[in-house]
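S.K.: Build me a structure from this.
(chains A and B)
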Amino acid sequence: GENVEQHPSTLSVQEGDSAVIKCTYSDSASNYFPWYKQELGKGPQLIIDIRSNVGEKKDQRIAVTLNKTAKHFSLHITETQPEDSAVYFCAADVGSQGNLIFGKGTKLSVKP
Amino acid sequence: KAGVTQTPRYLIKTRGQQVTLSCSPISGHRSVSWYQQTPGQGLQFLFEYFSETQRNKGNFPGRFSGRQFSNSRSEMNVSTLELGDSALYLCASSLNVGGRTGELFFGEGSRLTVL
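M.R.: Prediction:
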């Protein structure tokens, strides 16, 4: 079946450094790629998304890049802060109804 | 505006029992999706309901079922519980069917422990 692979599973950075999380997807028909952030004890929350007609999208300290040819997309967080510590999930839409398939998550720890 | 509400937040069951979880979506949202979250498998799609009809279904056994009411509230049921069903069950609501149409708003989940 269709799947999304996400790497790394854990990532530890110093405050102020950049963090990069990478995902690959298998369904060449996928066109929508959101990123969700899940803080401890809470449900995931959308932080940024990108559609296949765009190669890059930025929102303050976060950015997402998409390479449709290679079927991979990445999340970039610059100037990391302790409050960025959370689990991040990438996802891609699949099938005619477009439900989301999520990666297994990356636990990001930002050390002060 | 109230967010997505899931009840109960925590529950403990024994093998063989059945469980029903409830989800109240954001007012005006007609789509409700359910996900199972486990440490090893991440977020796995269970099913999606829109206007009281199941629109999508993930790769889970028939023991997992759901329904949606006319007020968009949804329930999911797991029968004949197994140890491997221990997980956080997340509900997400959205305006339209399918995750590609817009943001999913997740509840805080119902944590099920099967002993």
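S.K.: Partner strands of whichever helix or strand residue A:13 is part of and their direction?
M.R.: If you go by DSSP states H and E, residue A:13 is part of strand A:10-14. On the basis of DSSP bridges, the sheet neighbours of strand A:10-14 come out as strand A:106-111 (parallel).
S.K.: which stretches of chain A aren't confidently modelled?
M.R.: Along chain A, no part satisfies pLDDT under 70.
S.K.: same thing but at 80, please
M.R.: In the predicted model, chain A carries pLDDT under 80 at residues A:1-2, A:95-98.
S.K.: and what of chain B?
M.R.: Across chain B, the ranges flagged by pLDDT under 80 are B:1-2, B:40, B:97-101.
S.K.: the helices in it, which residues?
M.R.: Counting by DSSP state H, chain B forms no helices at all.
S.K.: Tell me where it has strands.
M.R.: Ranges of strands within chain B are B:5-7, B:10-13, B:19-24, B:31-38, B:42-50, B:53-57, B:64-68, B:74-78, B:87-94, B:105-106, B:110-114, based on DSSP state E.
S.K.: could these go into JSON lines alongside mean neighbour count and distance to chain A?
M.R.: Using the backbone N, CA and C atoms, a C-beta is placed for each residue, glycine as well. Below are the strands of chain B laid out as JSON lines (neighbours: other Cβ atoms under 10 Å in any protein chain shown; distance: least, Cβ to the nearest Cβ, whole Å):
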{"stretch": "strand B:5-7", "mean neighbour count": "17", "distance to chain A": "8"}
{"stretch": "strand B:10-13", "mean neighbour count": "13", "distance to chain A": "11"}
{"stretch": "strand B:19-24", "mean neighbour count": "20", "distance to chain A": "11"}
{"stretch": "strand B:31-38", "mean neighbour count": "24", "distance to chain A": "7"}
{"stretch": "strand B:42-50", "mean neighbour count": "22", "distance to chain A": "4"}
{"stretch": "strand B:53-57", "mean neighbour count": "16", "distance to chain A": "4"}
{"stretch": "strand B:64-68", "mean neighbour count": "19", "distance to chain A": "14"}
{"stretch": "strand B:74-78", "mean neighbour count": "21", "distance to chain A": "15"}
{"stretch": "strand B:87-94", "mean neighbour count": "24", "distance to chain A": "6"}
{"stretch": "strand B:105-106", "mean neighbour count": "22", "distance to chain A": "3"}
{"stretch": "strand B:110-114", "mean neighbour count": "18", "distance to chain A": "10"}
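S.K.: Please identify which of those is closest to residue A:49.
M.R.: Closest to residue A:49 of the strands of chain B is strand B:87-94 (Cβ to Cβ; 12.7 Å).
S.K.: what inclination does that closest one have with respect to strand B:74-78?
M.R.: Here the directions of strand B:87-94 and strand B:74-78 differ by 160 degrees (axes from the mean of the first three to the mean of the last three Cα atoms, to 10 degrees).
S.K.: and strand B:87-94, how far from the chain's centre?
M.R.: Averaging C-alpha positions (Cα atoms, centre = their mean, to the nearest Å) puts strand B:87-94 5 Å from its chain's average.
S.K.: on that earlier part again, quick check: what element follows the strand holding residue A:13 along the chain?
M.R.: Note on strand A:10-14: by DSSP H and E, the next helix or strand toward the C-terminus is strand A:19-25.
S.K.: Point out the residues in chain A that sit beside chain B.
M.R.: A:1, A:6, A:31-32, A:34, A:36, A:41-46, A:49, A:89, A:91, A:93, A:95, A:97-105 (Cβ under 8 Å from any Cβ of the partner chain).
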